[in-house]
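Asker: coordinates for the following, if possible.
(one chain, ligands or ions: 1)
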Amino acid sequence: MTDQNTNIDAGWKFDHSYASLPELFYSKINPNPVPAPDLVILNTSLAASLGLKTEALKSERGVAVFAGNEMPAGALPLAQAYAGHQFAYFTMLGDGRALLIGEHLTPAGERVDIQLKGSGRTPYSRGGDGKASLGPMLREYMISEAMHGLGIPTTRSLAVVTTGQSIYREMELPGAILTRVAASHIRVGTFQYAAQQGSVEDLRALADYTWNRHYAEADPGDNRYLALLKEVIKRQGELIAKWQLAGFIHGVMNTDNMTLSGETIDYGPCAFMDAYNPATVFSSIDREGRYAYGNQPNIAAWNLARLAEALLPLLHEEEEKAVELAEDAIQGFIDVFYSHWLNGMRAKLGLFHPEPEDEGLIKTLLDLMTEHHADYTNTFKALTFGKLEDVAMSGRDDFRQWHGHWQERLGRQTKSAEDAHQLMRASNPAVIPRNHRVEAALEAAVERGDLSVLEKLLTVLRNPYAHTVEQDEYAAPAEPTTYPYRTFCGT
Ligand SMILES: Nc1ncnc2c1ncn2[C@@H]1O[C@H](COP(=O)(O)OP(=O)(O)OP(=O)(O)O)[C@@H](O)[C@H]1O
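Answerer: Sure, this is the predicted structure:
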């Protein structure tokens, strides 16, 4: 399967450091060949930043790599083992429908995982067919690229191909494979798996690998494993703050969907909130609202506590002391999250430096938005451009009073009004991937083979802080319907 020419043509530079870990952590396995690969979409700007050549990637042999029919030189396909708490229940998992084909070394000297998602059965497939369908893979492609545009750390999407095979869910669907690019695919669940299935030495090997891959620049102090936990807490605190500030709801924050790198992963049932309400849930499988918007920081802390638990044997030789260190570190999460969130909210309101009254100012605005079902993104956008008539509660006295306080607060800054406006422009997106727009793009692509709607949507989403006239068309929320929007953990 190895083909030297593909390697030379497209610019793949594969390495496979993950295979240096004990074999407990993966299964070497070749992708299942598919009958008729066809390129649906290629992320040319991402390809360029990876040092890959677009024309070669689009060629028959390039597409064969995205389909798993050919492996570039140096690739070493493997399915990664992991476990996870899914809706609080612990399960053994692993790449049941994905393969890491190797780590690509970019011209900037970075090491990124190249993973095929939907590439067939693996030893971890349990009862599943190992496959994915076109709609959900294009959805992941779109939302991950929108997240990147918003400046939120995320796995990226390089390409989607159809396989020429149908897959069967409630109906027959076109099979597809997404090529995902990630800083790594090491998950909290990978550590849970190591703690459950491996020896302390296996766990140590994983922790050392993770440190070297993601935190080599950080200070290990005198306890490198405690430092690892604290660094992950910092990155996740910053990440979850960014989700909250953008109104992003992940939908399925299981421990297997939380990365050690601090990137967002798994775009199954996620969505962006329209009207502000902390209780918003989109996922049809989240009946109890465990992963509601307002719960995300607490769930992240819960997941990180599972990471800390898995790391206990490395934190200290005395268990009691290890637990103390872990608890102490986890306590720090909410503070890290909150300070990033508060600074982000200040920026959304054009405030450069902290003042004690800021928390009250922000809370009052969010309470008004909840009470009046104000659109989250568009309210901040209206405030940015001084278009108060676009704010749902603009006629209300309590909003006018709030607005007066905010203006006074802005007036006390040494920075100019123009500086504040620029800060707000850069902190408040003109567009988010609205559910109805995403659905329309997917329908055109999947039902009619028309990619133009999706391409146009991606163009505006890639630059959400540009505030161009053409973005206005994409800013409106859907017309209210009787049924709340629900996402399905589509495959
Ligand atoms: N069709 C399938 N066949 C086999 N395994 C599957 C299938 N769909 C999902 N899985 C496995 O079930 C688990 C949970 O699935 P989930 O939808 O959260 O993940 P995913 O979207 O496949 O992967 P990722 O988290 O890598 O984005 C994962 O271990 C996944 O590999």
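Asker: tell me the centre residue of the chain?
Answerer: Thr264 (2.4 Å; CA atoms, centre = their mean).
Asker: next, count neighbours for the residue nearest to that residue when sequence neighbours are not counted.
Answerer: Excluding its sequence neighbours, the residue lying closest to Thr264 (CB to CB, 6 or more residues apart in numbering) is Thr154, at 4.3 Å. (Each C-beta comes from the backbone N, C-alpha and C, glycine too.) Around Thr154 there are 26 other residues, counting by other CB atoms under 10 Å.
Asker: quick one: contacts for Thr154?
Answerer: Residues in contact with Thr154 (CB atoms under 8 Å, 6 or more residues apart in numbering) are Ser144, Met147, His148, Glu263, Thr264, Ile265.
Asker: so which bits of the stretch 1-150 of the chain are right by the ligand?
Answerer: Neighbours of the ligand within the stretch 1-150 of the chain, by CB under 6 Å from any ligand atom: Leu93, Gly94, Asp95, Gly96, Arg97, Ala98, Ser125, Gly128, Asp129, Gly130, Lys131.
Asker: let's see 8 Å
Answerer: 82, 84, 86, 93-98, 115, 117-118, 121-122, 124-132, 136, 140 (CB under 8 Å from any ligand atom).
Asker: of those residues, which belong to strands?
Answerer: Using DSSP state E, the members of those that fall in strands are Gly84, Gln86, Ala98, Gln115, Lys117, Ala132.
Asker: Ala227: which of those residues is nearest?
Answerer: Gly84 (24.2 Å; CB to CB).
Asker: follow-up on the earlier one: can you tell me how far the residue nearest to Thr264 sits from Cys270?
Answerer: Separation of Thr154 from Cys270 (CB to CB, to the nearest Å): 11 Å.
Asker: what about the residue of the stretch 301-450 of the chain found nearest the ligand, how many neighbours?
Answerer: The nearest approach of the stretch 301-450 of the chain to the ligand comes at Asn303, 13.5 Å away (CB to the nearest ligand atom). Asn303 has 24 neighbours, counted by other CB under 10 Å.
Asker: Arg346 and Glu355 touch, don't they?
Answerer: No. Using CB atoms under 8 Å, Arg346 makes no contact with Glu355, being 9.0 Å away.
Asker: looking at those two, which is more packed in?
Answerer: Using other CB under 10 Å as the criterion, Arg346 and Glu355 rank with Arg346 on top: 21 against 12.
Asker: in the host helix or strand of the more buried one, what's buried?
Answerer: Arg346 belongs to helix 319-348 when assigned by DSSP states H and E. By neighbour count on 16 or more other CB atoms under 10 Å, the buried set for helix 319-348 is 322, 325-326, 329-330, 332-334, 336-337, 340-341, 344-348.
Asker: helices or strands up against that helix?
Answerer: On a contact count with 3 or more CB pairs under 8 Å, 6 or more residues apart in numbering; DSSP states H and E, helix 319-348 meets helix 224-246, helix 296-315, helix 358-371, helix 417-427.
Asker: off-centre distance for the second one?
Answerer: Going back to what we said before, that points to helix 296-315. How far helix 296-315 lies from its chain's middle: 19 Å, per CA atoms, centre = their mean, to the nearest Å.
Asker: make residue 1 into 304 and carry on from there
Answerer: I'll keep to 304 as the first residue from here, and by that count the last item is helix 599-618.
Asker: what pLDDT, on average, does that helix get?
Answerer: Mean pLDDT, helix 599-618: 98.
Asker: ok, now stretch 750-761?
Answerer: Mean per-residue pLDDT for stretch 750-761: 97.
Asker: now swap in stretch 564-573 and tell me
Answerer: 95.
Asker: that stretch close to the ligand?
Answerer: Yes. Using CB under 8 Å from any ligand atom, stretch 564-573 reaches the ligand at Ile568, Asp569, Tyr570, Gly571.
Asker: quote the end-to-end distance of that stretch.
Answerer: Stretch 564-573 has its terminal residues 20 Å apart, counting by CA to CA, to the nearest Å.
Asker: mind telling me what element Leu686 is part of?
Answerer: helix 679-687.
Asker: next secondary structure after that helix?
Answerer: Taking DSSP H and E, what comes next after helix 679-687 is helix 700-714.
Asker: remind me, longest strand of the protein?
Answerer: strand 459-471.
Asker: tell me the first helix or strand C-terminal of that strand.
Answerer: Next along the chain from strand 459-471, counting by DSSP H and E, comes strand 475-485.
Asker: by contact count, what packs against that following strand?
Answerer: In terms of contacts (3+ CB pairs under 8 Å, 6+ apart), strand 475-485 is packed against strand 414-420, strand 435-436, helix 437-452, strand 459-471.
Asker: chain center to that strand: distance?
Answerer: Remark: strand 475-485 is offset 17 Å from the chain centroid, using CA atoms, centre = their mean.
Asker: quick one: mean pLDDT for that strand?
Answerer: Per-residue scores along strand 475-485 average to 97.
Asker: enumerate the residues of the stretch 554-703 of the chain near the ligand.
Answerer: Checking the stretch 554-703 of the chain against the ligand by CB under 8 Å from any ligand atom, the hits are Val555, Asn557, Asp559, Asn560, Ile568, Asp569, Tyr570, Gly571.
Asker: quick check, pLDDT for the residue of the chain most remote from its centre.
Answerer: Within the chain, Asp700 marks the point farthest from the mean C-alpha position, 39.1 Å out by CA atoms, centre = their mean. pLDDT, Asp700: 96.
Asker: what's the separation between it and Gly707?
Answerer: Distance of Asp700 to Gly707, computed by CB to CB: 10 Å.
Asker: so what touches the helix holding Leu686?
Answerer: Applying CB under 8 Å, 6+ apart, the external contacts of helix 679-687 come out as 550, 575-579, 651-653, 672, 691-695, 709, 724, 727-728, 730-735, 778, 780.
Asker: make a PyMOL selection of the buried ones in these.
Answerer: Applying 16+ other CB under 10 Å to these leaves a buried subset, and the PyMOL line that selects it is:
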select buried, resi 550+575+576+577+578+579+651+652+653+672+693+694+695+709+727+728+730+731+732+733+734+735+778+780
